[in-house]
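Novice: could you work out the structure for the sequence below:
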Amino acid sequence: MPWDFWLIFLFLGIVVPWRGAVRLKKLLALPSVSTKEKLVLYGLTIAGQWVITGLVAWRALARGLSAGTLGLANYGGPSAILGSLALAAIIGALHWLNLRRVGRSPGKALELMRLLARRILPANSVELLPYCALAMTAGVCEEFLYRGFAMAALSRVGFPAWSVVILTAVLFGLAHVYQGRSGILGTFVMGILFGGIRLAYDTLVPVMMVHIVVDLVAGIAGPRYLLPKLIEEQK
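Specialist: Alright, predicted model coming up:
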């Protein structure tokens, strides 16, 4: 594997989780986060993800990974789009129901989720639109990094498909370390699902669509069920 690919994997496996942990510590130390601070957070995250995605795409193409290998050569055809929309609707509905269930459950994990939701998720219409841009950015950029580049790079050096899906799901889970242990496990399982979709359709478009829907549901249903009092205050 080329040296720059090693650097990218080290970044995804070490720097991204470390940065997430540092950000978590800073966010939890704040008594509250204003709308302005959330908008700055959204904007910086969007810009950072596109810069990283651009750099990784540059190195991947320079090292001979084709657009097709990266999952960018086609969209899978009408059947793939329809199937992806149906799958996104099902997963989005399940995610919505799970957030409603979690919001009614006691426990320390719920308290952490509420703390994070209060500081990260949109609480009003001013915050919602930029959050939607963030959700779309994450769906495109993160899927390119983990299901596009990482899966292609590992496959090229001879890893079997099942291990590629698992390894990239581990990296994806670690990237969400700021969500706590339940968040890591949840995103690991989601990473397995996303990797399977990527292999099934041989394109990133369907999995990007599903990822975007999952993040949009989190931004809409999360505050509603995790922070009902805050939402009422914002109306």
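
Novice: now residue 88: closest residue in space that isn't a chain neighbour?
Specialist: Closest residue to residue 88 in three dimensions, ignoring its sequence neighbours and counting by CB to CB, 6 or more residues apart in numbering: residue 213, at 4.1 Å. In short, each C-beta sits where N, CA and C put it, glycine included.

Novice: now for that neighbour, how many residues are close by?
Specialist: 22 (other CB atoms under 10 Å).

Novice: secondary structure element for it?
Specialist: Mapping residue 213 onto the secondary structure by DSSP states H and E places it in helix 205-226.

Novice: returning to what we had before: next one: the residue nearest to residue 88 from residue 146, what distance?
Specialist: 17 Å (CB to CB, to the nearest Å).

Novice: which SS state does residue 159 fall under?
Specialist: coil (DSSP: H, G, I helix; E, B strand; the rest coil).

Novice: how many neighbours does it have?
Specialist: Other residues within reach of residue 159, judged by other CB under 10 Å, total 16.

Novice: residues in contact with stretch 82-89?
Specialist: Under the criterion CB atoms under 8 Å, 6 or more residues apart in numbering, residues 76, 197, 201, 205, 206, 207, 209, 210, 212, 213, 214 lie in contact with stretch 82-89.

Novice: what about the third one, distance to residue 83?
Specialist: So that's residue 201. With the distance defined as CB to CB, residue 201 ends up 8 Å from residue 83.

Novice: so between the two, which is more surrounded?
Specialist: Set residue 201 next to residue 83 and count neighbours by other CB under 10 Å: residue 201 wins out with 21 against 16.

Novice: ok, now which ones touch the more buried one?
Specialist: When the contact criterion is CB under 8 Å, 6+ apart, the partners of residue 201 are 76, 80, 83, 84, 207.

Novice: let me know whether the first one touches residue 205 as I believe.
Specialist: This means residue 76. Yes: at 5.8 Å, residue 76 and residue 205 qualify as touching, with contact defined as CB atoms under 8 Å.

Novice: if you count neighbours, what's buried in the strand or helix carrying residue 79?
Specialist: Secondary structure assignment for residue 79, by DSSP H and E: helix 77-103. Within helix 77-103, the residues scored as buried using 16 or more other CB atoms under 10 Å are 80, 83, 84, 87, 88, 91, 92, 95, 96, 99, 102, 103.

Novice: shaky segments in this structure?
Specialist: With pLDDT under 70 as the threshold, the chain has low-confidence stretches at 106-109, 228-235.

Novice: which residues of it fall in helices?
Specialist: With helices called from DSSP state H, the chain shows them at 3-10, 16-29, 35-62, 77-103, 108-120, 125-143, 151-156, 161-174, 180-201, 205-226, 228-234.

Novice: what's the angle from the fourth one to helix 180-201?
Specialist: Direction vectors for helix 77-103 and helix 180-201, defined by axes from the mean of the first three to the mean of the last three CA atoms, to 10 degrees, enclose an angle of 160 degrees.

Novice: angle of helix 77-103 against helix 108-120?
Specialist: Here helix 77-103 runs at 110 degrees with respect to helix 108-120, directions being taken by the same axes, to 10 degrees.

Novice: cool, the second one as well?
Specialist: Using the same axes, to 10 degrees, one finds that helix 16-29 and helix 108-120 are set 80 degrees apart in direction.

Novice: again, but for the first one
Specialist: Note on geometry: by the same axes, to 10 degrees, helix 3-10 and helix 108-120 are set 120 degrees apart in direction.

Novice: and helix 3-10, what's buried?
Specialist: 5, 8, 9.

Novice: likewise for the shortest one?
Specialist: By neighbour count on 16+ other CB under 10 Å, the buried set for helix 151-156 is 151, 152, 153, 154, 155.

Novice: tell me the contacts of the closest residue to the third one other than its chain neighbours?
Specialist: The shortest distance from residue 153 to any non-neighbouring residue, by CB to CB, 6+ apart, is to residue 5 (5.3 Å). Residue 5 makes contact with 59, 63, 153, according to CB under 8 Å, 6+ apart.
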